[in-house]
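Novice: structure, please.
(one chain, ligands or ions: 2)
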Amino acid sequence: MYLFLYNTLTRSKQAFEPADPRRVTMYVCGPTVYNYAHIGNARPAVVFDVLFRLLRHQFGKKHVVYARNFTDVDDKINAAAAEQGVPINTITNKYKAIYRQDMGGLGVLDPSLEPCATDHIPQMINMIERLISNKHAYHVDGHVLFHVPSYNGYGQLSGRNRDDMIAGARVEVAPYKKDPADFVLWKPSTPKQPGWNSPWGRGRPGWHIECSSMIEEHLGETIDIHCGGHDLIFPHHENELAQSSCAHGGATFAQVWMHNGFLTMNKEKMAKSVGNVVAIHELLEKYRGEAIRLALLSAHYRQPLDWSDETILQAWRRLDNLYDFLDSIENVKSTEVDPPTAFTKTLMDDLNTPKALAVLSDMVGPSAVKLASQNPAKAKSELQAAGKLLGILQEKPDTWLRAGPDRDEIQALVDERERARSTKNFSKADEIRSMLTDRKIEVRDRLGSPPRWLRRAATRV
Ligand code: AMP
Ligand code: ZN
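Specialist: Numbers count the residues shown, from 1 in each chain. Ligands and ions are numbered 1, 2, ... in the order given. Model (predicted):
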């Protein structure tokens, strides 16, 4: 089965063939760590975590190298540090730790590597020197700029023409620029700003060169897949591509470029600048991470995803149904198997997660339940294997469905209702059932064994 991925560069879905199947490389532009990450920022992390899982499934765990960086030097970080009167790493260390915690809460696997920009300043200086020596960059008064007209391929990723590019980048018209589209590789720092010594004086790198250097250092000149949010296509990725390709004598930088669509609220992009952000850690206090994760996967990654509490509740109800099925065969032993082909096929088609979720629902639907009664071990193993590829269903069903501080109290009510039923006190039994329903507890009566109860999409317990 081939993996098909939509490539922003060719604007088409293509069969994915890594340069070396024993070392498949992917890079995701990570967060700028100066503030709490919002749920829009989580979308690329979760979506490309599914890609990472799928690649590991296809090529073997050992054969996939995934780097997701931290941008830990940036003017927004500098501004936050200056405002609080602390060094930048006080800010970046704090928000790196929070980001990792957020990702853990959403079931995102640790990438193979998490390089930080500030650990790669010598590599950036080295790459800039190469770009100057091969005439793709120039130095003026402490600034080093990439000279856009020196690279014929500029614009290939975003498909923008020159005027769009200049307008889109909101480029500064600066006296030291040879061309308005030229962009910064290195810029001078004032004594108060963070800076590093370089052949061009004390300064700091531009954002784009950070990713190019870290990719070169850890993954090589050419990588298989480069990912990020749609807003990074231009200028960030266009500039990364230009720098890396020019530093490597025209070598291909990334075979495949993948970009996720925006998470919106009331159809407007979620962004700090708009002021409509919902922090990941706040959501995690209110809802279970797995429901938030599934909500992020409920739309195809290239489509917009409009976010609301209802998006999470829908995902939650879906998880309730899946765990309910697993709970009904809790005593059956599962084994390690491949997910069913019908399921894997959906992800192999450019990560079609909405279709994958529909297949999951079929796997616990009426006809599946009938099949499961004949071979429950297979049904359970396959459902868990499919869940693992999406990063869900790894909890104990009992925990998902029943854990909570009021567990014993609910159990006591269920037992009491059962006693009422056995003495044919149906009005009392009904009364208790309605109390349980008000608390979003569903009771399943079973022939010959005590009833099974479960919670229905409630807030965090
Ligand atoms: P930033 O920290 O702003 O550089 O963003 C980190 C990642 O989140 C980038 O890949 C952005 O493209 C992505 N991103 C930011 N806002 C959204 C959004 N509303 N929806 C989807 N992705 C986003
Ligand atoms: Zn980047």
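Novice: excluding its backbone neighbours, what's nearest residue 311?
Specialist: residue 295 (4.6 Å; C-beta to C-beta, 6 or more residues apart in numbering). Where C-beta positions appear, they are placed from N, C-alpha and C, glycine not excepted.
Novice: the helix or strand encompassing that neighbour - contacts with which helices or strands?
Specialist: Element membership for residue 295 (DSSP states H and E) is helix 289-296. Where contact means 3 or more C-beta pairs under 8 Å, 6 or more residues apart in numbering; DSSP states H and E, helix 289-296 is packed against helix 39-59, helix 280-286, helix 309-328.
Novice: strand partners (parallel or antiparallel) of the next helix-or-strand element following it?
Specialist: The helix or strand immediately downstream of helix 289-296 is strand 305-306, counting by DSSP H and E. The strands beside strand 305-306 in its sheet (DSSP bridges) come out as strand 263-265 (parallel).
Novice: ok, residues contacting the partner strand?
Specialist: 39-40, 43, 269-270, 276, 278, 296, 304-308 (C-beta atoms under 8 Å, 6 or more residues apart in numbering).
Novice: mind running it again at 10 Å?
Specialist: Strand 263-265 is contacted from outside by 38-44, 229, 269-271, 274, 276-278, 295-296, 299, 304-308, 311, using C-beta atoms under 10 Å, 6 or more residues apart in numbering.
Novice: drop anything exposed from these.
Specialist: Buried by 16 or more other C-beta atoms under 10 Å: 38-44, 229, 269-271, 276-278, 295-296, 299, 305-307, 311, out of the contacts of strand 263-265.
Novice: filter the residues you listed by proximity to ligand 1?
Specialist: Contacts with ligand 1 within the buried ones among the contacts of strand 263-265, counted by C-beta under 6 Å from any ligand atom: 40-41, 43-44, 229, 269-271.
Novice: ok, and which of those reach ligand 2?
Specialist: Residues shared between these and the neighbourhood of ligand 2: none [C-beta under 5 Å from the ion].
Novice: which member of these is positioned nearest residue 429?
Specialist: Checking these against residue 429 by C-beta to C-beta gives residue 43 as the nearest, at 46.3 Å.
Novice: ok, the closest one to residue 230 distance?
Specialist: Distance, residue 43 to residue 230, using C-beta to C-beta, to the nearest Å: 10 Å.
Novice: tell me the residues that contact both of these two, please.
Specialist: Common neighbours of residue 43 and residue 230, counting by C-beta under 10 Å, 6+ apart, are 260-262.
Novice: dump those residues to CSV, plus neighbour count and secondary structure.
Specialist: Output for those, formatted as CSV (neighbours: other C-beta atoms under 10 Å; DSSP: H, G, I helix; E, B strand; the rest coil):
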residue, neighbour count, secondary structure
260, 28, strand
261, 17, coil
262, 19, coil
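Novice: which one of the residues you listed is nearest to ligand 2?
Specialist: The nearest member of the shared contacts of residue 43 and residue 230 to ligand 2, counting by C-beta to the ion, is residue 260 at 13.8 Å.
Novice: for the closest residue to residue 158 other than its chain neighbours, give me the pLDDT.
Specialist: Sequence neighbours aside, residue 234 is the residue nearest to residue 158 in space, at 3.8 Å (criterion: C-beta to C-beta, 6+ apart). At residue 234, the pLDDT value in this model is 94.
Novice: quick check: the gap between residue 234 and ligand 2.
Specialist: The gap separating residue 234 from ligand 2 is 12 Å, by C-beta to the ion, to the nearest Å.
Novice: count of residues packed around the residue of the stretch 151-300 of the chain found nearest ligand 2?
Specialist: Relative to ligand 2, the nearest point of the stretch 151-300 of the chain is residue 211 (3.1 Å; C-beta to the ion). By other C-beta atoms under 10 Å, the residues close to residue 211 number 28.
Novice: thought it was touching residue 70?
Specialist: No. Assessed by C-beta atoms under 10 Å, residue 211 is found out of contact with residue 70, at 11.1 Å.
Novice: now do the shared contacts for the two.
Specialist: With C-beta under 10 Å, 6+ apart, residue 211 and residue 70 have common neighbours 30, 115, 117.
Novice: the last one - how many residues pack around it?
Specialist: A count of neighbours around residue 117, defined by other C-beta under 10 Å, yields 24.
Novice: give me the nearest residue to it, chain neighbours excluded.
Specialist: Computed as C-beta to C-beta, 6+ apart, the closest residue to residue 117 that is not its neighbour in sequence is residue 210, at 4.1 Å.
Novice: check the offset of the helix or strand harbouring that neighbour from the chain's centre.
Specialist: Using DSSP H and E, the element containing residue 210 is helix 207-218. Its chain's C-alpha centre lies 20 Å from the corresponding centre of helix 207-218 when counted by C-alpha atoms, centre = their mean, to the nearest Å.
Novice: buried set for the helix or strand following it?
Specialist: Next along the chain after helix 207-218, taking DSSP H and E as the criterion, comes strand 223-229. By neighbour count with 16+ other C-beta under 10 Å, strand 223-229 contains the buried residues 223-229.
Novice: and these, which two are the farthest apart?
Specialist: Longest distance between any two of those is 19.2 Å, between 224 and 229; criterion C-beta to C-beta.
Novice: ok, back up a step: wait, what's in contact with the residue nearest to residue 117?
Specialist: Residue 210 makes contacts with 29, 69-74, 115-118, 120-121, 123-124, 236, 240, as judged by C-beta under 10 Å, 6+ apart.
Novice: equivalent analysis for residue 145, please.
Specialist: Here residue 145 is in contact with 131-132, 136-139, 174, 176-179, 181-187, 206 (C-beta under 10 Å, 6+ apart).
Novice: now, those that are in strands?
Specialist: Taking DSSP state E as the definition of strands, the contacts of residue 145 contribute 137-139, 183-187.
Novice: want to throw those into JSON lines with pLDDT, neighbour count and distance to ligand 1?
Specialist: Below are the ones in strands among the contacts of residue 145 laid out as JSON lines (pLDDT from 0 to 100; neighbours: other C-beta atoms under 10 Å; distance: C-beta to the nearest ligand atom, whole Å):
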{"residue": "137", "pLDDT": "98", "neighbour count": "25", "distance to ligand 1": "24"}
{"residue": "138", "pLDDT": "98", "neighbour count": "18", "distance to ligand 1": "27"}
{"residue": "139", "pLDDT": "98", "neighbour count": "18", "distance to ligand 1": "27"}
{"residue": "183", "pLDDT": "95", "neighbour count": "24", "distance to ligand 1": "17"}
{"residue": "184", "pLDDT": "96", "neighbour count": "21", "distance to ligand 1": "17"}
{"residue": "185", "pLDDT": "98", "neighbour count": "27", "distance to ligand 1": "19"}
{"residue": "186", "pLDDT": "98", "neighbour count": "25", "distance to ligand 1": "20"}
{"residue": "187", "pLDDT": "97", "neighbour count": "17", "distance to ligand 1": "19"}
